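[1] Quick one, fold the following:
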Amino acid sequence: MEPEDFVHSYEHALATQDWNQVEPLVHTDACVTFSNGTVHKGKAEVQKAFENNFSLIQDERYSMTNVHWVLKNAETAVYLFDFHWSGIIHDKPASGVGRGTSVLMKSGDKWQLLVEHLGPKSSGI
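    Numbering: from 1, shown residues only. Model (predicted):
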């Protein structure tokens, strides 16, 4: 698996809204910062946060575009991306956009998410 394959697998896994699909792609020491500023450290906290989002946002659609690779080597990869999500929260349409930064780490023969930081959309890259 190449880092680019990870991006597609991760996007697809998130779209399932099923932690069992996302879990193999997340490193044990993962740290995820959501666009609302909440920080989730360690796989157990990340799981709880993702599952909370999965239950809150019904029929979620999530996509990543404009992937820009900052670094790719044999063990580490870093990329920037735009994200967009939409779904139903409390029976009302909801959506959001932003910019993300992710750090991947090679574990055996697969890539896993080590760090993800989601924030507002910028006018930069």
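[2] Got the confidence number for Ser123?
    Predicted confidence (pLDDT) for Ser123: 66.
[3] which residue packs closest to Ile88, ignoring adjacent ones?
    Nearest non-adjacent residue to Ile88, counting by Cβ to Cβ, 6 or more residues apart in numbering: Gln58, 4.3 Å away. Where C-beta positions appear, they are placed from N, C-alpha and C, glycine not excepted.
[4] Sorry, wrong one. I was asking about Phe6.
    Leaving aside its sequence neighbours, Phe6 sits nearest to Trp111 (Cβ to Cβ, 6+ apart; 4.0 Å).
[5] sorry, back to before: state the number of residues packed around the residue nearest to Ile88.
    13 (other Cβ atoms under 10 Å).
[6] and whichever strand or helix holds Ser95, which strands flank it?
    Under the criterion of DSSP states H and E, Ser95 resides in strand 92-107. In the sheet, strand 92-107 lines up against strand 76-89 (antiparallel), strand 110-119 (antiparallel) (DSSP bridges).
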